[in-house]
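# My questions concern the predicted model and sequence given below.
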Amino acid sequence: MADLDWGAAVDTQEQTLTSQINRIAIDKNRSPSKSPSAPSQNAATKEDSALLRKLIHSKLVSTKADLEVLQKDPNSPLYSVKSFEALNLKKELLDGIYSMGYNTPSKIQETALPVLLADPPVNMIAQSQSGTGKTAAFVLTMLSRVDTNQPYPQCLCIAPTYELALQIGKNVEDMGKFMKDLQIIYAVRGERLDRGTKLNGHLIIGTPGTVCDWALKLRFFDLKKINVFVLDEADVMIATQGHQDQSIRIQRGLRKDCQMLLFSATYEEEVMRFAQAVIPNNPIVIRLRREEQSLDNIKQYFIECADAEGKFQALSNIYGSISIGQSMIFCATRRTAAWLAEKMTKEGHAVGLLSGDLSIEQRAAIINRFKDAKEKVLITTNVTARGIDVEQVTVVVNFDLPLTQDHKPDFETYLHRIGRTGRFGKKGLAINMVDSRQSFATLKAIEKYFGRKVEKLDAEDMEEVEKIGS
Ligand SMILES: Nc1ncnc2c1ncn2[C@@H]1O[C@H](COP(=O)(O)OP(=O)(O)OP(=O)(O)O)[C@@H](O)[C@H]1O
């Protein structure tokens, strides 16, 4: 394609823009007003992705991978539970869980929950990919240990951003909705309290900076009275040096026998070093490996077109001929994505455009609409959608094939876009648009790399098009 260099430049620009987005409240009614903060550039992208990933997972991410226990506490034998009843929870908590539609514990919850709820409490470091049920596990732990008759904060949870803290708070509110007297406090920027205030709520959720100020400088609550301390999104947290220091200062103020828990979606050496520094006393370390993605069960096609307009026409034929559930269309540049979104909308499709020039609040709204199936098509660039798995998507269109920064075929991204986890996972359909010698060569390279044929499809041939949908 002629605009490749230009495309790469736009994507670089997009990456920079994305990283400069200020933090904006997602639900202004829910919580205190907020002044924007200016986190480091790297951190911003990670934080944004963490939030979008969290939002897209309205359901558990299914996994067949086995849980590994990397470090055990010899004094507390590990076992797993297959039901929430087996955990001897308070009735109102069990009611809360069922009201959220949880029937059985997820893979990580099966093993983590018996340890998390054991007495005497044990510290834990747990890693598993986004959407596998970590938040629910630690929220349940905090709620099962809170005593609403005691008018002071007993559980403390810190997360890297205001929005992530709110998402956790939403979980606490949902799961704790039958605990009548439960009071949740948000310790986030913009929430102002008078000097001398003594907090009498039970559970604090906040960001490291504000929690540090409230606990150590303003003494709004007593860290020594905290029984459960949770550090969530540790991999995002470490991207900001200040957050690491603040987390360690908070942790040092806690009692030695306070239960300390750390959760992370990824497992890198740096994260684990931080985890071991902040979670003392021989914690149990558990890990749920991410399942490999594969192209099994994916039907792959390519369509030859003359140019971008031709690609649009071909797409239009396909969407008009077969019934497609939810689909994602990847474009190389923001400009192509916006152009295509406009054309498809004019044709009457309900289309969402996820683009890096939008604020995180706007992107979150688009993700939520797509998650709720208000839009069936999500058009995006790779930069914006990186790392976001959308399980419900059955058709993926590469309007432009993925290329690396130096314009080589990007196999990893290709696999990530269209691959599925689990050999017996859902069936999928991938449609690749080709409009130049170079994009054809990219397609051939992809075919060779994965050792799988990508069938040619004639988008004008209705009968053929209808066949792929069946
Ligand atoms: N046992 C369960 N049964 C059914 N659904 C569940 C269960 N546990 C969690 N969920 C749901 O699955 C989704 C993902 O769970 P959760 O947010 O706890 O994952 P997570 O691992 O914390 O993800 P992230 O790393 O993005 O924070 C949520 O919509 C949650 O409500």
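Ah, there it is. The structure presented is a predicted model; accordingly, all values stated were derived computationally and were not measured. Residues are numbered from 1 along each chain as shown.

# rest of the way, CA atoms for contacts and neighbours
OK.

# what residues does this protein put near the ligand?
Residues of the chain found near the ligand (Cα under 6 Å from any ligand atom) are 53-54, 57-60, 102-106, 129-136, 265.

# Would you mind listing which of these are buried?
Among the residues of the chain next to the ligand, those classed as buried by 16 or more other Cα atoms under 10 Å are 53-54, 57, 105-106, 129-136, 265.

# Surely residue 465 is in contact with residue 316?
No. Using Cα atoms under 8 Å, residue 465 is not in contact with residue 316; the gap is 11.5 Å.

# Specify which residue of these two has the higher count of neighbours.
residue 465 (19 against 16; other Cα atoms under 10 Å).

# Can you name every helix or strand that whichever helix or strand the more buried one is part of contacts?
Secondary structure from DSSP states H and E places residue 465 in helix 462-468. In terms of contacts (3 or more Cα pairs under 8 Å, 6 or more residues apart in numbering; DSSP states H and E), helix 462-468 is packed against helix 308-321.

# Can you list the buried residues in the helix it packs on?
Buried positions in helix 308-321, judged by neighbour count with 16+ other Cα under 10 Å: 308, 310, 311, 312, 313, 314, 315, 316, 317, 318, 321.

# Show me the strands paired with the helix or strand containing residue 285, marking each as parallel or antiparallel.
Assigned by DSSP H and E, residue 285 falls within strand 284-288. If you go by DSSP bridges, strand 284-288 pairs up with strand 67-71 (antiparallel), strand 124-128 (parallel).

# got a markdown table for those, with mean neighbour count and mean pLDDT too?
Shown next, in a markdown table, are the strands paired with strand 284-288 (neighbours: other Cα atoms under 10 Å; pLDDT from 0 to 100):
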| stretch | mean neighbour count | mean pLDDT |
| --- | --- | --- |
| strand 67-71 | 14 | 80 |
| strand 124-128 | 25 | 94 |
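
# now those strands in CSV, with distance to residue 98?
Below are the strands paired with strand 284-288 laid out as CSV (distance: least, Cα to Cα, whole Å):
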stretch, distance to residue 98
strand 67-71, 24
strand 124-128, 23
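
# Looking at those strands, which is nearest to residue 93?
Shortest distance between residue 93 and the strands paired with strand 284-288, using Cα to Cα, is found for strand 124-128: 21.8 Å.

# Mind checking what helix or strand follows that closest one in sequence?
With DSSP H and E, the next secondary element past strand 124-128 is helix 134-145.

# for that following helix, which positions count as buried?
134, 135, 136, 137, 138, 139, 140, 141, 142, 143, 144.

# low-scoring pLDDT stretches of the chain, where are they?
Within the chain, the stretches with pLDDT under 70 are 1-44, 58, 74-77, 383-391, 421-426, 469-470.

# again, only using 80
1-49, 51-66, 71-79, 290-294, 322-323, 356, 359-360, 382-392, 419-427, 459-470 (pLDDT under 80).

# Centre-most residue in it?
What sits nearest the mean C-alpha location of the chain, by Cα atoms, centre = their mean, is residue 53, with 2.2 Å.

# What residues of the strand holding residue 285 count as buried?
For strand 284-288, by 16+ other Cα under 10 Å, it's 284, 285, 286, 287, 288.

# so what does the helix or strand just after it touch, helix or strand wise?
The first helix or strand that comes after strand 284-288 along the chain, using DSSP H and E, is strand 293-294. When contacts are defined as 3+ Cα pairs under 8 Å, 6+ apart, strand 293-294 packs onto helix 411-418, strand 420-421.

# Dump the ones you listed to TSV, plus mean neighbour count.
Below are the helices and strands packed on strand 293-294 laid out as TSV (neighbours: other Cα atoms under 10 Å):
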stretch	mean neighbour count
helix 411-418	18
strand 420-421	22
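
# who's in contact with stretch 302-316?
With Cα atoms under 8 Å, 6 or more residues apart in numbering as the test, stretch 302-316 has contacts from 340, 344, 399, 431-436, 454-460.

# Can you say which of these are buried?
340, 344, 399, 431, 432, 433, 434, 435, 454, 457, 458, 459.

# which two from the residues you listed end up farthest apart in space?
Between any two of those (Cα to Cα), the greatest distance is 25.5 Å, for 344 and 454.

# With that, I have no additional questions.
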